[in-house]
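Colleague: Here is the input, now give the coordinates:
(one chain, ligands or ions: 2)
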Amino acid sequence: MRIAHAELRWVRMPLVAPFRTSFGTSYDRDTIVLRMVTDEGAEGWAECGAEIDPLYSEEWLDGVDLVLRDHLLPRLVALGDEVTAARVKPALEPVKRHFMAKHLLETAVLDAELKSARMPFATYLGSVRERVPAGVSVGIMDAHADLLAAVAGYLDAGYVRIKLKIEPGWDIEPVRLVRKEFGDIQLQVDANTAYTLMDAQHLARLDEFGLLLIEQPLREDDLRGHAELARLIRTPVCLDESITSARDAATAIAMRACSVINVKPSRVGGYLEARRIHDVAAANGIPVWCGGMLETGIGRAPNLALAALPGFVLPGDTSASARYYTQDITAPFELDADGCIAVPGGPGIGVDVLNEVLAGFTDRVVPLSV
Ligand SMILES: CC(=O)N[C@@H](Cc1ccc2ccccc2c1)C(=O)O
Ligand SMILES: [Mg+2]
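Modeller: Numbering: from 1, shown residues only. Ligands and ions are numbered 1, 2, ... in the order given. Coordinates of the predicted model:
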């Protein structure tokens, strides 16, 4: 197929509550939505996982906008009417990394391609479930009481797994209190690279709480350190920021740097690479789960399809829309009575974009030359 039209929409949506991690606090969610139309009139949508500032990873929204316009899209347009999702990665290969920008293009092409074929993401990716259990990510708070109230609210809402953001000074005590207050719920923590090997003894104090995993305790480029840490603590080590490709996954697994992987299509360049990571992990007996980047429904929908693949055996951060937004730009995703969210069944991402709502949150539209 040929790309007939494409545009970037800079979007800002208020968060229902500030979301604080070891790398900063977000009060709104800024993102870029890519809308693509093919010569057959199929519309492809994708949502960027990068943040406004390069604090989660080296990518950020201004950089995505620039690299996509100046270096990535021209390579895709050069394919003429041979554009397919499978050809996106090879066409963009000469540009190093920039996975969140590449994910935007590949996902919009895949959405348009699947809509033309009237095939849901779930069918294409190989989903085996109609609904997936929802976990939730809980930010660092000002006081222990606020944390306990937030966790109680999420458990009442039906979330089947709680993930606590931690950092030095907010780790052992919050976990101890949540364990004491809520018993043997499925509980894990995410440090977003906030610790070093010097903290190994301190992190070993988390072992008594029977956590499912500790996510990305060390720097994103320190696989050796994670392998060393994994020998010093009992809590399973899960990697997020460190894993940007199936090759990274293979290396981390071979080095025993992790025993669980958080898979995020936006971090690894798209759903095709996310599935490759799933396959590499499954071949090595490593469980994976679907991470989140505070996606609106445009990103949440395909993530749910991915989370329904056989190797996604742990609850992910595919929370309900209401976890972050009072008004989503698609119909809201909601938990059912079992704490699960239904995998969209329509063609492509399987949800319709609410154009008026999107327009209300759109700061500016950047037409792209194709
Ligand atoms: C749900 C969750 O914890 N996500 C990321 C961290 C994160 C936190 C805050 C964000 C704000 C704007 C965009 C992306 C963001 C990602 C993680 O797993 O590490
Ligand atoms: Mg994480």
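
Colleague: So which bits of this structure are right by ligand 2?
Modeller: 190, 215, 240 (Cβ under 5 Å from the ion). To be clear about C-beta, it is placed using only N, CA and C from the backbone, and glycine gets the same treatment.

Colleague: Who are the contact partners of the first one?
Modeller: Which is residue 190. Contact analysis of residue 190 by Cβ atoms under 8 Å, 6 or more residues apart in numbering lists 21, 137, 163, 164, 165, 166, 214, 215, 216, 240.

Colleague: Spell out, range by range, the strands that occur in the stretch 251-370 of the chain.
Modeller: Listed in chain order, the strands of the stretch 251-370 of the chain (DSSP state E, counting those that start in this stretch) span 260-263, 288-290, 340-342, 362-368.

Colleague: circling back: nearest to residue 50, out of the residues of the chain next to ligand 2: which one, please.
Modeller: Among these, residue 240 lies closest to residue 50 (Cβ to Cβ), at 14.6 Å.

Colleague: got the phi/psi numbers for the closest one?
Modeller: phi -130, psi -80 (degrees, to the nearest 10).

Colleague: quick one: low-confidence ranges for the stretch 251-370 of the chain?
Modeller: By pLDDT under 70, the stretch 251-370 of the chain has no low-scoring segment.

Colleague: What parts of it come near ligand 1?
Modeller: For the stretch 251-370 of the chain, the residues in contact with ligand 1 (Cβ under 6 Å from any ligand atom) are 291, 292, 293, 294, 317.

Colleague: Kindly reformat the contacts of residue 190 as JSON lines and extend each row with neighbour count and secondary structure.
Modeller: Listed next are these as JSON lines, based on neighbours: other Cβ atoms under 10 Å; DSSP: H, G, I helix; E, B strand; the rest coil:
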{"residue": "21", "neighbour count": "19", "secondary structure": "strand"}
{"residue": "137", "neighbour count": "24", "secondary structure": "strand"}
{"residue": "163", "neighbour count": "28", "secondary structure": "strand"}
{"residue": "164", "neighbour count": "23", "secondary structure": "strand"}
{"residue": "165", "neighbour count": "24", "secondary structure": "strand"}
{"residue": "166", "neighbour count": "25", "secondary structure": "coil"}
{"residue": "214", "neighbour count": "25", "secondary structure": "strand"}
{"residue": "215", "neighbour count": "29", "secondary structure": "strand"}
{"residue": "216", "neighbour count": "26", "secondary structure": "coil"}
{"residue": "240", "neighbour count": "23", "secondary structure": "coil"}
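
Colleague: Closest one of those to ligand 1?
Modeller: Lowest distance from ligand 1 to the contacts of residue 190 (Cβ to the nearest ligand atom) belongs to residue 137, with 3.6 Å.

Colleague: so what's residue 19 up against?
Modeller: By Cβ under 8 Å, 6+ apart, the residues touching residue 19 are 25, 26, 139, 294, 324.

Colleague: Can you name the residues bridging to it?
Modeller: Following DSSP bridges, residue 19 is listed with bridge partners residue 26.

Colleague: Could you check the pLDDT of it?
Modeller: pLDDT for residue 19: 98.

Colleague: Please apply the same query to residue 75.
Modeller: pLDDT, residue 75: 98.

Colleague: Where does the stretch 151-300 of the chain get nearest to ligand 2, residue-wise?
Modeller: Ligand 2 sits closest to residue 240 of the stretch 151-300 of the chain, with a gap of 3.6 Å, by Cβ to the ion.

Colleague: Pretty sure that residue sits against residue 263.
Modeller: No - the criterion here is Cβ atoms under 8 Å, and residue 240 misses it with residue 263 at 9.0 Å.

Colleague: hey, what's in contact with both of these two?
Modeller: Common neighbours of residue 240 and residue 263, using Cβ under 8 Å, 6+ apart, are residue 291.
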